[in-house]
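Asks: mind folding the following:
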Amino acid sequence: MVKNSAIFVVPGLVLAGVLAAGMGDRAVRAQENGKTVADGVFTDAQAVRGAASYDNACANCHRADLGGANGPALRGERFARIFAGKDLKTLYTKIATTMPRGAPASLGDNVYLDIVAHMLRENGFPGGEADLNMEVLSAVRVLPGKAKPPPPVGDFSYVEVVGCLAPGPDQTWLLSSASEPVSLAITSGGAPDVGEAGNKPLGTQVYRLLDAMAYSPESHKGHKMYVRGLLIRIPGEQRMTISAFETVAPTCSH
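Replies: So this is what the prediction gives:
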């Protein structure tokens, strides 16, 4: 009986050893090739799945844009400081063992892989042809995130502009000599960086500010203003709602 048992067990061990060696060889080859998160280690479809899972399980603590709230930021400077230079397994393990709050390690390997793919895309890394999987995590090096290009400007885009605040006809307020609109992520929040905005040149655009009366416009008349909000384009006119309204300079000049 012992001999028969040995006959069945040994091939299983050999097979396991061969599989482990094969996985190890792949990891070594990837490491030797210097593979990084910039090399398309996930698919866009996987990142889309990850975005949905992230919104359900993580966004309450880390914000929808990964900017951090009750939980730390998962992109930008903090992402680089904590994870850059390490292997992707370090990032995966951190996510899988601590999130979501109150129920860590509860989402399953594939869901956590999808969330990591979403995080990588939100940190500016491109998708590739194959889903991220457990086998390659240790062989892929994390890089500092890259700024995502802004979405194209269109009707109902969330944008920022600078311009000169002036009264318009019929008790309206206009932002004249204004800059071209720059598209932002819809989740952009917080106080604008007025110092950076002040460096933006004025332009030739005119925007009708739909809810300017809520911001005491008389006290800002003639000022160079920063405005963030939804851009609404109708024939012959550009309008903006206001979600941020800050003085850049007390006078308006080019």
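
Asks: can you tell me how far the closest residue to residue 112 other than its chain neighbours is from residue 90?
Replies: Of all residues not flanking residue 112 in the chain, residue 96 sits nearest, at 4.3 Å (Cβ to Cβ, 6 or more residues apart in numbering). Quick note: C-beta positions are derived from backbone N, CA and C, even for glycine. Computed as Cβ to Cβ, to the nearest Å, the residue 96 to residue 90 distance reads 11 Å.

Asks: the two - which one has more neighbours?
Replies: In terms of neighbours (other Cβ atoms under 10 Å), residue 96 is the more surrounded of residue 96 and residue 90; the figures are 20 against 15.

Asks: now name the helix or strand holding that one.
Replies: Residue 96 is part of helix 88-98 when elements are defined by DSSP states H and E.

Asks: and for residue 54?
Replies: helix 44-57.

Asks: next SSE after the helix holding residue 96?
Replies: Tracing the chain C-terminally past helix 88-98 and defining elements by DSSP H and E, one meets helix 109-122 next.

Asks: elements contacting that following helix?
Replies: Applying 3 or more Cβ pairs under 8 Å, 6 or more residues apart in numbering; DSSP states H and E, we find helix 109-122 packed against helix 44-57, helix 88-98.

Asks: for the very next helix or strand once past the longest one, list the C-alpha coordinates in PDB.
Replies: By that I understand helix 44-57. Next along the chain after helix 44-57, taking DSSP H and E as the criterion, comes helix 59-62. C-alpha atoms of helix 59-62 as PDB (Å, rounded to 0.1, in the frame of the first residue of the first chain):
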ATOM      1  CA  ALA A  59     -14.900  55.900  -3.000                       C
ATOM      2  CA  ASN A  60     -16.500  56.900   0.200                       C
ATOM      3  CA  CYS A  61     -13.100  57.000   2.000                       C
ATOM      4  CA  HIS A  62     -10.800  57.800  -0.900                       C
END
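
Asks: contacts for helix 59-62 next, please.
Replies: 68, 69, 70, 71, 72, 73, 74, 100, 101 (Cβ atoms under 8 Å, 6 or more residues apart in numbering).

Asks: is residue 232 in a helix, a strand, or coil?
Replies: Three-state call for residue 232 (DSSP: H, G, I helix; E, B strand; the rest coil): strand.

Asks: quick check: closest non-adjacent residue to it.
Replies: Nearest non-adjacent residue to residue 232 (Cβ to Cβ, 6+ apart): residue 239, at 4.3 Å.

Asks: ok, now which ones touch the residue lying closest to residue 48 once chain neighbours are set aside?
Replies: Excluding its sequence neighbours, the residue lying closest to residue 48 (Cβ to Cβ, 6+ apart) is residue 118, at 7.9 Å. The contact partners of residue 118, taken as Cβ under 8 Å, 6+ apart, are 47, 48, 49, 50, 51, 53, 54.

Asks: so how far is residue 111 from the third one?
Replies: With distances taken as Cβ to Cβ, residue 49 is found 8 Å from residue 111.

Asks: counting contacts, what elements does the helix holding residue 54 pack onto?
Replies: Looks like helix 44-57 contacts helix 109-122 (3+ Cβ pairs under 8 Å, 6+ apart).

Asks: partner strands of the helix or strand that the helix it packs on is followed by, with direction?
Replies: Using DSSP H and E, the next helix or strand after helix 109-122 towards the C-terminus is strand 158-167. Strand 158-167 sits in its sheet next to strand 173-178 (antiparallel), strand 182-183 (antiparallel), strand 224-234 (antiparallel), going by DSSP bridges.
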